[in-house]
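Q: Sharing a sequence plus its predicted fold:
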Amino acid sequence: MFSNFDFDVIQRSWVYLFTTGMAFTLKLTFISMVGGTVLGTLLAMMRLSSNKLISLVATTYVNIMRSIPLVMVIFWFYFLMPYIGAWLTGASEPMQIGALSSSLITFIMFEAAYYCEIMRSGIQSIPRGQIWAGYAIGMNYWQTMGYIVLPQAFRNMLPVLLTQTIVLFQDVSLVYVLSITDFVGAASKVAQRDGRLVEMYSFVAIVYFIMCFGLSSLVKKLQQKVAIIR
């Protein structure tokens, strides 16, 4: 079965795959995680707001994003947003939105919907008595959330947030459809250049498995350490 398997093509290209492809994948994952967490936290607070209009806006956004395949969001933003941007600004020509900027904004907006639900459940896991205690000592809503609720919510939800980040790391491979040189895109270029699709895609699958399995194991151990005994 492996008599024609060319290990040499992997040896020749692994430096390029990791320094170019994997570096981009990790960079996009990290920025999307940070941006998605910040926006997701804001959306979670909006969803829990007593203002029905604010809550409805956040709920509608989350439900729409969670109901559409990510690859469709990537295509939609990349091909339609230049025209929508031109319409909003009154420009005569479509706005120039590169593939990198498009994918970054897309992932932040898309992942924010998932981080929102994680943070919402984390916020709701904090006893209401602690919120009222914050009000009782003179804190306003934002101070109570910033100093009392959110730190505990992040602690409770940290393993789930990291698990969602692992999913995000896998989803970043979809930028390949925009011809961006992520890890999968870099492997595809080598595979097409050398005619070694089986070798390169097998190597990509093994790398993803090792990294995701290893990270999942670390998250499981972290979950046991940060668990709060009630």
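A: Here it is on my side, so go on. Note that this is a predicted model, so its numbers are computed, not measured. Numbering: from 1, shown residues only.

Q: in stretch 63-80, what counts as buried?
A: 65, 70, 73-75, 77-78 (16 or more other CB atoms under 10 Å). Glycine gets a C-beta too; all of them are placed from N, C-alpha and C.

Q: do stretch 167-177 as well
A: Taking 16+ other CB under 10 Å as the basis for neighbour counts, the residues of stretch 167-177 that come out buried are 168-169, 171-176.

Q: sorry, back to before: ok, the buried residues of stretch 63-80 vs V160, which is closest?
A: Within the buried residues of stretch 63-80, proximity to V160 (CB to CB) peaks at M65, which comes in at 17.8 Å.

Q: Quick check: that closest one touching E117?
A: No: contact criterion CB atoms under 8 Å: M65 and E117 do not qualify, at 10.4 Å.

Q: In CSV, list the C-alpha atoms belonging to stretch 62-74.
A: Taking only C-alpha atoms (Å, rounded to 0.1, in the frame of the first residue of the first chain), the coordinates of stretch 62-74 have been written out as CSV:
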residue,chain,number,x,y,z
VAL,A,62,-26.5,34.8,17.2
ASN,A,63,-29.3,32.6,15.7
ILE,A,64,-28.5,33.7,12.2
MET,A,65,-24.8,33.1,12.5
ARG,A,66,-25.3,29.7,14.2
SER,A,67,-27.7,28.6,11.4
ILE,A,68,-25.5,29.3,8.4
PRO,A,69,-22.5,27.2,7.3
LEU,A,70,-19.2,28.9,7.9
VAL,A,71,-18.0,28.4,4.3
MET,A,72,-21.2,30.3,3.1
VAL,A,73,-20.4,33.2,5.5
ILE,A,74,-16.8,33.3,4.1
